[in-house]
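Undergrad: Give the three-dimensional model of this entry:
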Amino acid sequence: MQIINAGYQLLEEPNVTKKIERVARICYKSEDKIAPGTDLTMVNKLIASQHTAMLEHADIAIVVSRSNHSFIRQVMETMSTQCHDDIEPKNCYLRTTYHSTSDNFKGIQPYGQRYVVSGNIRAWHDFFKFSVEYPYGIQEDVFKTVNEAANHIFDVFADGVGVVDGCSHFFRHGEEPQVALVDDYTMLSDAERMVHETVSILFTVDRGVTHEMVRHRDCSFAQESTRYCNYNLGKFGNEITVIEPCFYAGRDDEYNAWVSAMEDAEKHYFDLINAGSKPQEARDVLPTPGGPYKQIIGAFKEFVTCFTARYSTILSLTFSNP
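TA: Here you go, the predicted structure:
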C-alpha cells in the first residue's frame, strides 16, 4: 500500500484535443498511451460513443458582433424550450455576456457593448448539433472560428453551415457578422474573465472530498475510475494508493488504527480480484482515501464559490501544508 500527501497541479494545455485526451486518460490511468495523433483519435471515439462528459474539459471563447450574439441567444433559448415529437428540450451550457466598452476587440467594433460567448467543447458540440437538426443553420464565421480552435472535430456539421433565410432578420442590413477567437483573456475585463476564463486543476484528494466537490455542478469533473482500474496490475504497483490523513498528526494510536484499516481493505480487495471479481465489483471494499486523482475545470467564479464553501474541508483538513 502506498500512502501519499494530498496536493494539486494546474493543467495548462492550450491545445484543445490534447487537453481532453490528457484528462480522459486520468479515468483509466492510461497516460502512458499518449502519443502523436492519439488526441484526435481519442476525441473522435468519445464523440462516437457519446461519452461526451470528457469534452467538458476544454473551453473556447469568442467575441462576436451584436447580430451574431442575438442569433446565438435565440438558438440557445429555442434549444432549451422547444418541445416537439422529434426534438426534446436540452439545456445549452454556452455562456454569454455583454460588457459596456468603447474598445474594439481584434477589429470588432463594440458600438458601446462587447459580446462574448464561451463554452466547453461539449456545449459547442450540442449547440451545433441542434442548429443543424432544427431549422436555424450555423453562422459560418462562428463555426469556422470554433472548429479551427477545436482542431476540426466539428467537421461533421460542416454541411449545416449557413443561416437559413427565415433567420436573416437577426442580421442588420449591410452588417457583416464578425467573430474573433479569445486567445488572450487579459484582453477582456475582470468581470468578463470571471465568467469566461476557466482553470483546470488536478487534485490529489480522498474521495470524501471529491464527493463534496461535485456538488458544485457548474464545474466539470473527471476522476480515476475504480470501475476500470485494476490495482492488482503492475501499472499500479500491485497496490492501492491512499491519502495521508493530516488530521491524525500527533495521534499515533488513531493513525496506526487507520493504517491497519487501509491495509485490511487492500487485502480484501486483492482477495476478491484473485477470486475472479471484476474491478467494479471488488471496489466495494476500497477505502474512502483510495483512488485519489480528480480533475476539475471551471470558470473563475465557480472556484470562488467552491473555495468559499469548502475552504475548511479542502485546505484545513486535507492539505497538511496549504
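
Undergrad: Could you identify the helix or strand that succeeds the longest strand along the chain?
TA: For the chain, the strand with the greatest residue count under DSSP state E is strand 112-120. Where DSSP states H and E defines the elements, the next helix or strand beyond strand 112-120 is helix 121-133.

Undergrad: now what about the longest strand of the chain, what contacts it?
TA: 55-66, 68-69, 72, 93-103, 105, 108, 127, 182, 188, 192, 195-196, 198, 220, 297 (CB atoms under 8 Å, 6 or more residues apart in numbering). From N, CA and C alone the C-beta is placed, and that goes for glycine too.

Undergrad: Stretch 227-246 too?
TA: For stretch 227-246, using CB under 8 Å, 6+ apart, the contacting residues are 1-6, 27-29, 32, 204-206, 255, 258, 262, 265-266, 269-270, 273-274, 279-280, 283, 286-287, 289-292, 317-320.

Undergrad: Those residues in helices, which ones?
TA: Residues of these located in helices (DSSP state H): 27-28, 255, 258, 262, 265-266, 269-270, 273-274, 279-280.

Undergrad: For the residues you listed, name the two members farthest from one another.
TA: Maximum pairwise distance among the ones in helices among the contacts of stretch 227-246 (CB to CB): 32.1 Å, between 28 and 255.

Undergrad: Can you tell me the centre-most residue of this structure?
TA: In the chain, the centroid-proximal residue (CA atoms, centre = their mean) is residue 57; its distance is 2.7 Å.

Undergrad: and the gap between it and residue 12?
TA: Counting by CB to CB, to the nearest Å, the gap from residue 57 to residue 12 is 13 Å.

Undergrad: Need the residues touching each of those two.
TA: Common contacts of residue 57 and residue 12, defined by CB under 8 Å, 6+ apart, comprise residue 200.

Undergrad: What are the buried residues along stretch 126-146?
TA: 126-132, 134, 136-139, 141-143, 145-146 (16 or more other CB atoms under 10 Å).

Undergrad: sorry, that was for stretch 189-198
TA: Quick answer for stretch 189-198 (16+ other CB under 10 Å): 192-198.

Undergrad: picking that back up, among the contacts of strand 112-120, which ones are buried?
TA: 55-66, 68-69, 72, 93-97, 99, 105, 108, 127, 182, 188, 192, 195-196, 198, 220, 297.

Undergrad: that older thread, in strands, which of the contacts of strand 112-120 fall?
TA: Using DSSP E, the members of those that fall in strands are 59-64, 95-101, 198, 220, 297.

Undergrad: quick one: which of these is nearest to residue 154?
TA: Nearest to residue 154, judged by CB to CB, of the ones in strands among the contacts of strand 112-120 is residue 60 at 10.4 Å.

Undergrad: Surely that closest one touches residue 124?
TA: Yes - contact criterion CB atoms under 8 Å: residue 60 and residue 124 qualify, at 6.3 Å.

Undergrad: shared neighbours of those two, which are they?
TA: Counting by CB under 8 Å, 6+ apart, the residues touching both residue 60 and residue 124 are 146, 150.

Undergrad: Can you tell me which of the buried residues of stretch 189-198 end up in helices?
TA: Counting by DSSP H, the buried residues of stretch 189-198 contribute 192-196 to helices.

Undergrad: And residue 188, its phi and psi?
TA: Main-chain torsions, residue 188, degrees, to the nearest 10: phi -100, psi 170.

Undergrad: Please list all residues in contact with it.
TA: Shown in contact with residue 188 (CB under 8 Å, 6+ apart): 99, 116, 182, 196-197.

Undergrad: Count the residues that sit near residue 80.
TA: Number of residues near residue 80 (other CB atoms under 10 Å) recorded here: 13.

Undergrad: Repeat that for residue 290.
TA: Neighbours of residue 290 (other CB under 10 Å): 22.

Undergrad: Then the one 4 residues further on?
TA: The burial count assigned to residue 294 is 22, neighbours taken as other CB under 10 Å.

Undergrad: same check, this time on residue 237
TA: Quick note: residue 237 (other CB under 10 Å) scores 11 neighbours.

Undergrad: Tell me the gap between stretch 213-230 and the middle of its chain.
TA: Relative to the chain's own centre, stretch 213-230 is displaced by 10 Å; criterion: CA atoms, centre = their mean, to the nearest Å.

Undergrad: For it, buried residues please.
TA: Applying 16+ other CB under 10 Å to stretch 213-230 flags 213, 216, 219-224, 226, 229-230 as buried.
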